[in-house]
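Enquirer: whatever this is, show me its structure:
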Amino acid sequence: MPLSLSELKDRAIRFAQEWQGETREHAEAKAFWIDFFNVFGLNRRRVASFEEPVKKLSGKQGFIDLFWKGTLLVEHKSKGKDLDRAYQQAIDYFPGLKDYELPKYILVSDFARFRLYDLEEGQQHEFPLEELHQHLHLFAFLTGYQKRQYAAEDPANIQAAELMGALHDALLHNGYQGHKLEVLLVRVLFCLFAEDTGIFEKDAFRAFLEEHTREDGSDVGTRLAQWFEVLDQPAAQRQRTLPDYLRELPYVNGSLFTEYFPFPAFDAALRQQLVRCTYFDWSRISPAIFGSLFQSVTDPVKRRNLGAHYTSETNILKVIRGLFLDEMEQELHAAGHDRRKLDALHRRLERTRFLDPSCGCGNFLVVTYRELRRLEFEILDRQYPAGPSRQTVNLTLLARVQVDQAYGIEVEEFPARIAEVAMWLMDHQMNMRFSEAFGTYYARLPLTRTAKIVHGNALLVNWKDVLNLNDLQYVGDSATRRLGDSSGVGADTYILGNPPFIGYHLQNKEQKAELTHLLKSIGSAGLLDYVAGWFYKASQLMQGTAIKAALVSTNSIVQGEQAGILWGELTGRFGIQIHFAHRTFKWNNEARGNAQVFCVIVGFGPQDVPSRVLFDYETPKSEPLRRVVSHINPYLIDAPDAFVIGRTKPLCQVPEMVNGNKPVDGGHFFLTDSEKEELLAAEPAAGPYVKPFLGAQEFLRGEKRWCLWLAGIAPSVLKKLPIVEQRVEQVRTFRLASTKADTVRMGQFPTLFGQSRQPTSDYLLIPRHSSENRRYIPFGFLPSEVIIGDSCMCIPNASPYLFGLLSSAMHMAWTRQICGRIKSDFRYSGTLVYNNFPFPTAPTPKQVAAVEAKARQVLAVRAGFPAESLATLYDPLTMPPALVKAHQELDRAVDLCYRPAAFPTELSRLEFLFEQYRQLAAPLAPAPKPAKTGPRRKAAASS
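Expert: As a prediction, the model looks like this:
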């Protein structure tokens, strides 16, 4: 157990008094360094050795005065000798050391002076012997009070996971696998962390392996079993004949070492791999992210992109800050040094409970817990100012935030167990911070409390049971009361996390069945992403409580059809309101193999709140811009609630958009350039029936394709075209072989496309699918002779004015928010996007003429690049400046059709458009259905 700071200072002063004064010789160095290690309460024999032999680069044999492998190299000279020479001599030993043995610090001395080199930080410190007690902070790696700043992308996290990965692979190669391998790795991780952070004596696990197991590894398994068994035994129950290195181990408990299972058979190489892990400084590891890295070592797929699958702390903090942390920090700021207010906040921290219903390895839980402990530290720091009396503070009584305030649900067992251990590790790191500040060692051993991580499927588990909601108490006006009046139940209880990102088209049968069963009250549940289940379950749980939630999701649930389907249910059935939100941003980290997805964060609950906060992003990769707004609707816009649903007719007085032609032909109607030439050479009379064909790909990429368009062909003509007739027969055969009744019926009309909607006039083509990277979706005018495919839609007889409106920033803002997605690309829908778009209601003739003129200019600029495809012209990197300018001028002309004031951001456009939509749709909307009221909502309403 580390000594208190006052004990360390007293020992350092006595050590200096005993060794200063008279001239000392190098021969006395051993006694000097034994006493030096005693200052820090360390057993020198356990961690370091004198006269360590090593081969120098020159080939000569050298001897390191004192060597603590992987940590400290000491070189000593007689009093008054050159310390620079001592340092150079220390460096000369490095080539003869293994990589994992290289020290992090070099300490040189001549009895009167110390010079410490921190090799990782590139710093050196020198001071006289009598000032050792003033520089104890430099030796934090000895005292156990080392301060750490944990960076999410610290390479140490990756190095640590790779070390564990190598150990995992070696054990697996030897045939040790499954549950017992996973548990063994978690136990080893705990021991590695424990010996570097003061839970065990420094390097106790390493010394155990190196000094008390055979080099051939034959007894490592049985020795580990004994080591783990002792950690699970109270001191009073241990055998009296145990050797000192086992008897001195702390009682850990926490069920981590309780389960018995067969241990692996080690050999020399496997033992050395385990020993090598002990030379890494595990105190550098952040439990906030190491859980995910550790899990990845057991997954070959994730291993290839090690570090890509954890959630960055920056993104986690976006969730918890909006949910409760910002509010608590404001409360702390307002409290100042008022003890009564600080006590009230401390009690709030103590009763705070948080559930991550898809916790994985516990990233969200660990960071949330750390932040609560940080606030607790700030409170105690203010209540007990620095001074001699601070060391008398009883942290056991005053540090009241505990790991069992955290709850999780995880479908896989291994991550669930990692999450429990990660919480303990974070708890201990925070305890060490308290210890350093208050000058007394504080650790919570044995582990009597643990985070409650339930191993199960979150969509099937009852969250109320996980949280023990029936046992919840709340603070009333005069005293703590039992459940009854439910309006206060769940105060300071929060649901948070990032549930699985699985699109509706990517769900397996089990996931679809789970979601359909859960959302049986929603008619179109099959169109919802898997994450919708978590929003629904959270909303269910909140009824009649003060519980709040903030979940991460792909942006699909606030766009297109899904927004109306999901949020119509959540707002109508459960009375859910959105309290804060982050609009679309890039959810990623900076690790190699970076995993990225575009997400939103939605903070919600049934409670009314005085203000709402909306975070917008100029681009998905930029920093958020914070705005306080009056309302946040399901599309994450400062506008009243409005649900955009598909409609068969346009909301405004504009021409209808129709779908393209669907061939259903097995490819037999289509011709390449060479096939077309061969056909016309053999059957020139087929010429009038060979038409250019455009699908979205051909339109955007400028590719040529041809089709047989046989509408209206006379039977006698067809009989004279045997090659064409053969293709018709192939179409018929293809259709009749189908298992779909509609396709079989189409076999009766083999000369026609399965669905024919070709306009008889010129038309405006709209591709259904387009890259999300394009600032504008390219549209274009085509003559009726060009056959349009079903990957496109069209508007017959469209005007340049309509083309201009659809090609504008206003329409693109609406499209990005309302359209569906294929992966992340746009999936344009006539019924959802076009038919609901709020076109300008009363543009003047001058404004219409201006839009038409600018629209023609866009078309003219495009025509000036005949060799370029629309895909190239509208690529953000290659879009010609003239085309960019033409679109900007068109945007200004369209904007003026809506209002004189400019729209500074896309969000401002959306807020305006949604208000327009609400006004246009209101007269057409059916009377709202009353919200379904369950027993809890009735109780809340009557209270």
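Enquirer: over to Leu694: give its phi and psi.
Expert: Reported as degrees, to the nearest 10, the phi and psi values for Leu694 are phi -130, psi 120.
Enquirer: buried stuff in stretch 389-396?
Expert: Buried positions in stretch 389-396, judged by neighbour count with 16 or more other C-beta atoms under 10 Å: 390, 393, 395. C-betas here are computed from N, CA, C, even on glycine.
Enquirer: hmm, I was thinking of stretch 529-537
Expert: By neighbour count with 16+ other C-beta under 10 Å, stretch 529-537 contains the buried residues 529-537.
Enquirer: same deal with stretch 365-375?
Expert: Buried, per 16+ other C-beta under 10 Å, within stretch 365-375: 365-373, 375.
Enquirer: I'd say Arg775 and Asp875 touch.
Expert: No. Assessed by C-beta atoms under 8 Å, Arg775 is found out of contact with Asp875, at 9.8 Å.
Enquirer: and the buried residues of stretch 389-396 as CSV, adding secondary structure, distance to Ala269 and pLDDT?
Expert: CSV is the format used below for the buried residues of stretch 389-396 (DSSP: H, G, I helix; E, B strand; the rest coil; distance: C-beta to C-beta, whole Å; pLDDT from 0 to 100):
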residue, secondary structure, distance to Ala269, pLDDT
Arg390, helix, 50, 83
Val393, coil, 49, 87
Leu395, helix, 44, 91
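Enquirer: tell me the one of those nearest Gly408?
Expert: Leu395 (26.4 Å; C-beta to C-beta).
Enquirer: surely that closest one and Phe438 touch.
Expert: Yes. Here Leu395 reaches Phe438: they are 6.2 Å apart, a contact under C-beta under 8 Å.
Enquirer: which strand or helix spans the closest residue to Phe261 other than its chain neighbours?
Expert: When the adjacent residues along the chain are set aside, Phe261 lies closest to Lys180, with 4.2 Å between them (C-beta to C-beta, 6 or more residues apart in numbering). Counting by DSSP states H and E, the element that carries Lys180 is helix 179-196.
Enquirer: please state the mean pLDDT value computed over that helix.
Expert: Confidence over helix 179-196 (mean pLDDT, whole number) is 89.
Enquirer: before we move on, what about stretch 679-686?
Expert: 96.
Enquirer: make residue 1 into 50 and carry on from there
Expert: Fine by me, first position is 50 from now on; the one you just mentioned is stretch 728-735.
Enquirer: the lengthiest helix in the chain - contacts with which helices or strands?
Expert: Ordering each helix of the chain by length in residues (DSSP state H) puts helix 462-487 first. Using 3 or more C-beta pairs under 8 Å, 6 or more residues apart in numbering; DSSP states H and E as the contact test, the elements touching helix 462-487 are helix 228-245, helix 336-345, helix 412-432, helix 444-447, strand 455-459, strand 501-504.
Enquirer: let's go with 10 Å and repeat that
Expert: Under the contact criterion of 3 or more C-beta pairs under 10 Å, 6 or more residues apart in numbering; DSSP states H and E, helix 462-487 touches helix 54-68, helix 189-192, helix 228-245, helix 336-345, helix 412-432, helix 444-447, strand 455-459, strand 501-504.
Enquirer: what residues sit buried inside that helix?
Expert: Buried residues in helix 462-487, counted by 16+ other C-beta under 10 Å: 463-487.
Enquirer: off-centre distance for that helix?
Expert: 20 Å (C-alpha atoms, centre = their mean, to the nearest Å).
Enquirer: quick one: it to helix 54-68, angle?
Expert: Compare the direction of helix 462-487 with that of helix 54-68 by axes from the mean of the first three to the mean of the last three C-alpha atoms, to 10 degrees and you get 60 degrees.
Enquirer: now the host helix or strand of Phe86 and helix 54-68, what's the angle there?
Expert: Following DSSP H and E, one finds Phe86 within helix 78-88. Orientation of helix 78-88 against helix 54-68 (the same axes, to 10 degrees) gives an angle of 160 degrees.
Enquirer: for the stretch 450-599 of the chain, what are the low-confidence residue spans?
Expert: With pLDDT under 70 as the threshold, the stretch 450-599 of the chain has low-confidence stretches at 519-538.
Enquirer: let's go with 50 and repeat that
Expert: Along the stretch 450-599 of the chain, the parts satisfying pLDDT under 50 run over 521-536.
Enquirer: hang on, isn't the residue nearest to Phe310 packed against Glu308?
Expert: Yes. With contact taken as C-beta atoms under 10 Å, Lys229 and Glu308 are classed as touching, separated by 8.8 Å.
Enquirer: report the helix or strand with the lowest average pLDDT across this protein.
Expert: For the chain, counting by mean pLDDT, DSSP states H and E, strand 529-530 ranks last in confidence among helices and strands (a mean of 30).
Enquirer: can you show me the CA trace of the next helix or strand after that one as CSV?
Expert: Using DSSP H and E, the helix or strand that directly follows strand 529-530 along the chain is strand 542-546. These are the backbone C-alpha positions of strand 542-546, laid out as CSV (Å, rounded to 0.1, in the frame of the first residue of the first chain):
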residue,chain,number,x,y,z
THR,A,542,-31.7,8.7,-13.6
TYR,A,543,-30.4,8.7,-17.2
ILE,A,544,-30.4,6.4,-20.2
LEU,A,545,-27.5,6.9,-22.6
GLY,A,546,-25.4,5.2,-25.2
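Enquirer: alpha carbons of stretch 265-277, as CSV, please.
Expert: Once side chains and other backbone atoms are set aside, the C-alpha atoms of stretch 265-277 remain, and they are given as CSV (Å, rounded to 0.1, in the frame of the first residue of the first chain):
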residue,chain,number,x,y,z
ASP,A,265,10.3,-23.6,-19.0
GLY,A,266,6.7,-22.4,-18.0
SER,A,267,5.7,-25.9,-16.8
ASP,A,268,4.2,-24.6,-13.5
VAL,A,269,2.8,-21.2,-14.6
GLY,A,270,-0.8,-22.5,-14.9
THR,A,271,-0.9,-23.9,-11.4
ARG,A,272,0.9,-20.9,-10.0
LEU,A,273,-1.6,-18.5,-11.6
ALA,A,274,-4.5,-20.6,-10.2
GLN,A,275,-3.0,-20.2,-6.7
TRP,A,276,-2.4,-16.5,-7.2
PHE,A,277,-6.0,-15.9,-8.4
